[in-house]
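Peer 1: The following comprises the amino acid sequence and a computationally predicted model.
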Amino acid sequence: MSDGTKVIAKNKRARHDYHVVDTVEAGIVLKGTEVKSVRLGKVQLVDSYARVESEEIFVHGMHISPYEQGNRFNVDSRRRRKLLLHRSEIRRLHRQVTEKGMTLIPLSVYLKGGRVKVEVGVCRGKRTHDKRRVIAERDAVRDMERQISRRRRGTEDQG
């Protein structure tokens, strides 16, 4: 991401477990000291998901650690948080999610122009054989690069 954005947290597991079909950028409603915790990078997206509830989208399971100097102003670290999207975007996402096997997964949390944003992906779960194929392809590419670098080093030493 560019344009003065600073990535705070990424959900690496999501890209491993799901095929990302579509993505959308959303604002998020945070309370008090949560923004300070996010700026400090105290966010975890593991096991988080989003759900459309009465024409609004909420993120469930996103962990924002309590701010250490926050005392009584801290809120529940795993509470559901509302995402800010246009009504047309919410309806489009709702249509996509009603398809079999589709779900909304937060992919990353980042700062953009001083505001906290969440990248939400419409995802379809991968099967085990898909995961194995991706790992095998990654290993094959790594082996080819290793061979190429060995050959380059071999020719440079002789030259």
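Peer 2: Done, it's in.
Peer 1: going forward, measure contacts between C-alpha atoms and count neighbours the same way
Peer 2: Will do.
Peer 1: Where does pLDDT dip in this protein?
Peer 2: Along the chain, the parts satisfying pLDDT under 70 run over 1-2, 73, 155-159.
Peer 1: Tell me which other helices or strands the longest helix along it touches.
Peer 2: Of all the elements of type helix in the chain, the one with the most residues (DSSP state H) is helix 128-158. Here helix 128-158 touches no other helix or strand, going by 3 or more Cα pairs under 8 Å, 6 or more residues apart in numbering; DSSP states H and E.
Peer 1: Next, find the distance separating the most centrally placed residue in the chain from Ser149.
Peer 2: Geometric centre of the chain, nearest residue: Leu107, 1.3 Å, by Cα atoms, centre = their mean. Distance of Leu107 to Ser149, given as Cα to Cα, to the nearest Å: 33 Å.
Peer 1: ok, now which ones touch the residue nearest to the centre of the chain?
Peer 2: Each residue near Leu107 by Cα atoms under 8 Å, 6 or more residues apart in numbering is listed here: Lys10, Asn11, Lys12, Ala14, Arg15, Leu45, Val118, Glu119, Val120, Gly121.
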